[in-house]
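Visitor: Here is my input; please provide its structure:
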Amino acid sequence: MSKLSMKKDGFAQAAIDELGWWRAHKFLFLRRASQLSVFILFAIGPLFSLWLLKGNLSSSELLGIVPLSDPLATLQVILTGHMPEFTLILGALIIAIFYALVGGRVFCSWVCPVNMVTDSASWLRRKLNLPRTSEMPRSLRYYLLAVVLLLPILTGLTVWEWVNPVPVLYRAALFSAGSGLWLLVAIFLLDLFISERAWCGHLCPTGALFALLGKLSPVKVSAVNAKACDNCMDCFVVCPERQVLKPALKGKQAMITNSDCTQCGRCIDVCAQRVFQYKNRIALKAENTQ
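Guide: Reported below is the predicted structural model:
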């Protein structure tokens, strides 16, 4: 049995004992609060006519003034050959700049509601102690992103938006449009039984684009205390992109610069040795040169 599988009963127990239950789950709960807060801001409009955030994650307006648009949805519209309204382009630029600064895949772990579906499948896999499965190539999501961008050129339609699970989930929750929920069930079952973290870690084209946007983000998770690592493997068990951890723990550079990192903070939560922290790469570079 692999060491990762053997972590089922004692997973994160050392962190709970050392840091306390709250600190061993802090970023998990903060992320859930963030994801639910975004959803509530959209929901209170149609429910209470309080339009703080009007629209959905594809296209919306903040306070009726600031346009916010999904960069991938906007790119698809442009590639259909139809010039979108200026506000849609401006909204996409605002979102792209924001995630380029804070980290592209921050969207995946702190905003995207599908993350709760895939995290639930991952949690259930641990509870059931299901064996590890073979993983799909992580580059597959970039090929799918290319297909998503090619389809509008060939068809003149934003094909991906018909089946994009993010607006599907929002439509189901806000407007009781449950016809697309089979897609979310399929993602859950795929992650649970076929391939761990298959959707977010290997297939999602939206996550692929946000990873590209966040390549130069100054905010990163860093293994600032890598020498204290006791190889308990709890961070590898919980990390949705575990391939990003080893270079930081065993390599010369403590900062996780791989843009696949979702910056979910769970490696910080579950580490009793306090190996990981969020760091500003500019400030860290200044510290290292002193």
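
Visitor: show me the contacts for the residue minimising distance to the centre of the chain.
Guide: By CA atoms, centre = their mean, the chain has its centre lying nearest to Cys108, at 2.0 Å. Going by CB atoms under 8 Å, 6 or more residues apart in numbering, Cys108 touches 115, 200, 204, 206-207, 210, 262. For glycine as for every other residue, the C-beta is placed from the backbone atoms N, C-alpha and C.

Visitor: hmm, try it at 10 Å
Guide: Cys108 makes contact with 99, 114-115, 118, 200-201, 204, 206-207, 210-211, 214, 240-241, 260, 262-264, according to CB atoms under 10 Å, 6 or more residues apart in numbering.

Visitor: cool, and Asp234?
Guide: 4, 7, 10-15, 24, 266-267, 269-273.

Visitor: quick one: which of the residues you listed has the most company?
Guide: Using other CB atoms under 10 Å as the neighbour test, the contacts of Asp234 are led by Val270, with 28 neighbours.

Visitor: so that one makes contact with His25?
Guide: Yes: using CB atoms under 10 Å, Val270 makes contact with His25 at a distance of 8.7 Å.

Visitor: Find residues that contact each of the two.
Guide: 12, 15-16, 19.

Visitor: Could you find the lowest-pLDDT member of these?
Guide: Across the set of those, Ala12 stands lowest in pLDDT, at 88.

Visitor: How confident was the prediction at the spatially closest residue to it that is not a sequence neighbour?
Guide: Closest residue to Ala12 apart from its sequence neighbours, by CB to CB, 6 or more residues apart in numbering: Val270 at 4.2 Å. What the model reports as pLDDT for Val270 is 96.

Visitor: what sits against Val270?
Guide: Counting by CB under 10 Å, 6+ apart, Val270 has contacts 7, 11-16, 19, 24-25, 27-28, 232-239, 276.

Visitor: cutoff 7 Å now
Guide: Neighbouring residues of Val270 by CB atoms under 7 Å, 6 or more residues apart in numbering: 12, 15, 24, 234-235, 238.

Visitor: Do a quick rundown of the strands in the protein.
Guide: 53-55, 59-62, 66-69, 219-222, 277-280 (DSSP state E).

Visitor: Indicate which one of these is closest to Ile256.
Guide: strand 219-222 (4.9 Å; CB to CB).

Visitor: In this protein, where is pLDDT below threshold?
Guide: Within the chain, the stretches with pLDDT under 70 are 1-9, 176-177, 284-290.

Visitor: before we move on, back to that, narrow the shared contacts of Val270 and His25 to those in helices?
Guide: Within the shared contacts of Val270 and His25, residues falling in helices by DSSP state H are 15-16, 19.

Visitor: What separation do you get for the residue lying closest to Leu72 once chain neighbours are set aside and Ser122?
Guide: Setting aside the residues directly before and after it, Leu72 is nearest to Leu209 in space (CB to CB, 6+ apart), at 5.0 Å. Using CB to CB, to the nearest Å, Leu209 is found at 23 Å from Ser122.
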